[in-house]
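Asker: Output the structure for:
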Amino acid sequence: MQVPAGNLLQKINYPSDLKQLNENELEQVCQELRQYIIDVVSVNGGHFAASLGVVELTVALQYVLNTPYDQLVWDVGHQAYGHKILTGRRDQFHTNRIHGGISGFPKRSESEYDTFGVGHSSTSISAALGMAVASQYKGETDRQHVAVIGDGSMTAGMAFEALNHAGIENSNLLVILNDNNMAIDPNVGALKEYLTDITTSKPYNRFRDDIAHVLAKLSSIGPDAFKVAQKLEKSIKGTLLKRSNFFEALKFRYFGPIDGHDVNHLIKVLKDLRDIPGPKLLHCITVKGKGYALAEKDQTKWHAPGLFDKITGEIKKAKYDKPQPPKYQDVFGHSIIELAEQNPKIMGITPAMPSGCSLNLMMKAMPNRAFDVGIAEQHAVTFSAGLATQGLTPFCNIYSSFMQRAYDQVIHDVAIQKLNVVFCLDRAGFAGADGATHHGAYDLAYMRCIPNMTVSAPMNEEELRNLMYTAQQENMGPFVIRYPRGNGVMVDWQRPFKAIPVGKGRKVCDGDDVAILSIGAIGNEVIKATATLNAEGYNPAHYDLRFVKPLDEALLHEVFKNFDKVITVEDGCLEGGMGSAVLEFMIDNGYTNIRVKRLGIPDEFIEHGDQPELWAECGYDATGIARQVRNMAEKRSVNTIAS
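Answerer: Numbering: from 1, shown residues only. Presented below is the predicted three-dimensional model:
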């Protein structure tokens, strides 16, 4: 649904239009931009609070910089709604995150103003530094390179690695730290405490307002005057802060903290920093959800609230006449508490996603046994490995797509040492409107090739509970449980725990024309397909593998001895996935006269949309599965008649 923009905003199609305004008009632009985001997101959904918090910063940057020649990288990308609206996509913004519409994150193929794709966090400083070094190499000395990093992104190791490198390059790089003390949940760790110290240092804050302006003026006089000013600045800063500035220790010139909601002061500071050479860091204090009182009050809830009434703040939820199945993440959250009450060795770990994966339930119930380690997937895995060496059983819950960032740690620190770390991969398969950067397409493929690893996927909530129960038993070694985003299929899900034999699948229904092998929750689409097919006179068999490693060899022998037509279905990539594992088994065991059709995510990056839309696009929703069964069964009938 498209909504009208304000009087000034409707005249701004690109930053060049913004620059035609007087600075005294920019506060109104900010008000209209903030209101436009509220108006559109309330009726169309999407991320919300993060972009509200950077409205003034967005306007100031586009007013001062010469984008897209000057290069601006947002980190993480859900802060960039205002950026999109001001860079040619205002009239398309209502399609944000909708199938076929614009992406919810900056995307290079979408606009020249999107200099870098940023669906995952903490990449901006590395990317902007690469751009700055390239410009320096090409002699583009007038080109600005800005990384806006916030919403918890500075807690990741990659951001520190980039700062460490950038400090020794004399490149034209400005890092803007959007400090709102939040990721999706409140920030954690020592860095948060350090930034709080800086923010609350009254003597320092009295001094810092004029230093950028002074340095900018002296840099125009000459290098000698500039060097003298630098030494004086460093000495005064160190005295006022009572300890060395972390960023200055990495050879960044540190400026701030400043009010990130004062657009005119931001413009003044950005103009000054534009004239100061070398790596710089501007520390901006912002409020996530700024301008919408409810979002300011409960920033986690309003990170991505869905549809809501912008006047009352009521979040719109579907109403049902009868109880509905829970989300898989909530099944995990409640089940790990039940298991931990029975087993004192169980610990919970997540990298900055406690509410997203529902580990927040355990953090509240058992605060000494559940840990949010910040946006640090690599650390989360190796921290879990350390716990496991001491006889504990960590459940390390990481979104499937984010687990890709810790792959070396999974192999080197967990699998080689055969440690009993339980990896719960939330958002496996298509993740929906977040798109290609967030789809959990590859976990079956990248986990099943690792020695010592057990890789499983539940078809429903009861199986998720039972796999969690199985994984925490003695001597299990590394154990993966992958499950999708969204709701399950069982209302009566909280049943007593039962162990599942590792590597054992199950027959869901008998049949005699085609065998369908599925793994995970996508098997429920197979159940829908078989119901339709049975009504049409077809009789496919359905097997739920449950494990892609180890495979249920007895079940596969049964299938290949009784069927010459087989369909595999997985909510994951076809290259190296469950279907590939089945083909490997078939060839290794001499089953050469079997026709196999694999259904899953093809060898391409699939864009955003609702999960059913994406299943249909890739041909493995219930309709697509039924279509393949009909095709196979009819071909067999034709071959039988011909013979």
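
Asker: so how far is stretch 601-618 off the chain centroid?
Answerer: Between the mean C-alpha location of stretch 601-618 and the chain-wide mean there is a distance of 17 Å, by Cα atoms, centre = their mean, to the nearest Å.

Asker: List the buried residues for it?
Answerer: 601, 606, 607, 608, 609, 611, 613, 614, 615, 616, 617, 618 (16 or more other Cβ atoms under 10 Å). Backbone N, C-alpha and C define where each C-beta goes, glycine included.

Asker: Might you report the residue contacts of the nearest residue to residue 74 once chain neighbours are set aside?
Answerer: Nearest residue to residue 74 in three dimensions, chain neighbours excluded: residue 80, at 4.2 Å (Cβ to Cβ, 6 or more residues apart in numbering). Applying Cβ atoms under 8 Å, 6 or more residues apart in numbering to residue 80 gives the contacts 51, 58, 74, 105, 106, 114, 118.

Asker: Just confirm the fifth one contacts residue 118, I think it does.
Answerer: Yes. Contact criterion Cβ atoms under 8 Å: residue 106 and residue 118 qualify, at 5.4 Å.

Asker: looking at this, residue 356 is in a helix?
Answerer: Yes. Assessed by DSSP: H, G, I helix; E, B strand; the rest coil, residue 356 belongs to a helix.

Asker: okay, it: pLDDT?
Answerer: pLDDT for residue 356: 95.

Asker: Tell me if I'm right that it and residue 426 touch.
Answerer: Yes. The pair residue 356 / residue 426 is scored as a contact, 7.3 Å apart, by Cβ under 8 Å.

Asker: More neighbours: these two, which one.
Answerer: The neighbour count for residue 356 versus residue 426, taken as other Cβ atoms under 10 Å, is higher for residue 426 (28 against 21).

Asker: Just among the contacts of residue 80, which is most surrounded?
Answerer: Result: residue 74 is most packed of the contacts of residue 80 (other Cβ under 10 Å), 33 neighbours.

Asker: and it, that's in a strand?
Answerer: Yes. When three-state DSSP is applied, residue 74 is found to be in a strand.

Asker: Can you name the residues that contact it?
Answerer: 80, 83, 106, 118, 124, 148.

Asker: biggest separation within those residues, which pair?
Answerer: The span of those, defined through Cβ to Cβ, is set by 83 and 124 at 12.7 Å.

Asker: the more surrounded of those two?
Answerer: Using other Cβ under 10 Å, the more surrounded residue of residue 83 and residue 124 is residue 124, with 29 against 26.

Asker: For residue 169, which residues are in contact?
Answerer: Counted by Cβ under 8 Å, 6+ apart, residue 169 has contacts 129, 132, 133, 279.

Asker: would you turn the residues you listed into JSON lines with distance to residue 630?
Answerer: Formatted as JSON lines, these follow (distance: Cβ to Cβ, whole Å):
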{"residue": "129", "distance to residue 630": "55"}
{"residue": "132", "distance to residue 630": "57"}
{"residue": "133", "distance to residue 630": "57"}
{"residue": "279", "distance to residue 630": "62"}
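
Asker: ok, so of these, who is nearest residue 321?
Answerer: Nearest to residue 321, judged by Cβ to Cβ, of those is residue 129 at 55.8 Å.

Asker: what secondary structure does the closest one sit in?
Answerer: Per three-state DSSP, residue 129 ends up helix.

Asker: shouldn't residue 369 be in contact with residue 347?
Answerer: Yes. Contact criterion Cβ under 8 Å: residue 369 and residue 347 qualify, at 5.2 Å.

Asker: Tell me which helix or strand residue 348 sits in.
Answerer: Element membership for residue 348 (DSSP states H and E) is strand 346-350.

Asker: Starting from that strand, tell me which strands it pairs with and how they run.
Answerer: strand 370-372 (parallel), strand 393-399 (parallel) (DSSP bridges).

Asker: And that strand, what's buried?
Answerer: So for strand 346-350, counting by 16+ other Cβ under 10 Å, buried means 346, 347, 348, 349, 350.

Asker: nearest to residue 465, of those?
Answerer: Distance to residue 465, by Cβ to Cβ, is smallest for residue 346 among the buried residues of strand 346-350, at 13.7 Å.

Asker: check contacts around that closest one.
Answerer: With contact taken as Cβ under 8 Å, 6+ apart, residue 346 is in contact with 336, 339, 340, 369, 392, 393, 394, 395, 472.

Asker: gap between whichever strand or helix holds residue 57 and the chain center?
Answerer: Per DSSP H and E, residue 57 falls inside helix 55-64. Mean-position distance between helix 55-64 and its chain equals 25 Å (Cα atoms, centre = their mean).

Asker: and that helix, what does it pack onto?
Answerer: helix 15-18, helix 26-44, helix 81-84, strand 145-150, helix 263-274 (3 or more Cβ pairs under 8 Å, 6 or more residues apart in numbering; DSSP states H and E).

Asker: now for the ones you listed, which one comes closest to residue 596?
Answerer: That would be helix 26-44 among the helices and strands packed on helix 55-64, by Cβ to Cβ, at 41.3 Å.

Asker: Using the three-state scheme, assign residue 548.
Answerer: Once three-state DSSP is applied, residue 548 turns out strand.

Asker: That one and residue 448 touch, don't they?
Answerer: Yes. With contact defined as Cβ under 8 Å, residue 548 reaches residue 448; the gap is 5.1 Å.

Asker: So for those two, which residues contact both of them?
Answerer: Common contacts of residue 548 and residue 448 (Cβ under 8 Å, 6+ apart): 455, 581.

Asker: rewinding a little: ok, and the most crowded of the contacts of residue 346?
Answerer: Greatest neighbour count in the contacts of residue 346, by other Cβ under 10 Å, goes to residue 336: 29 neighbours.
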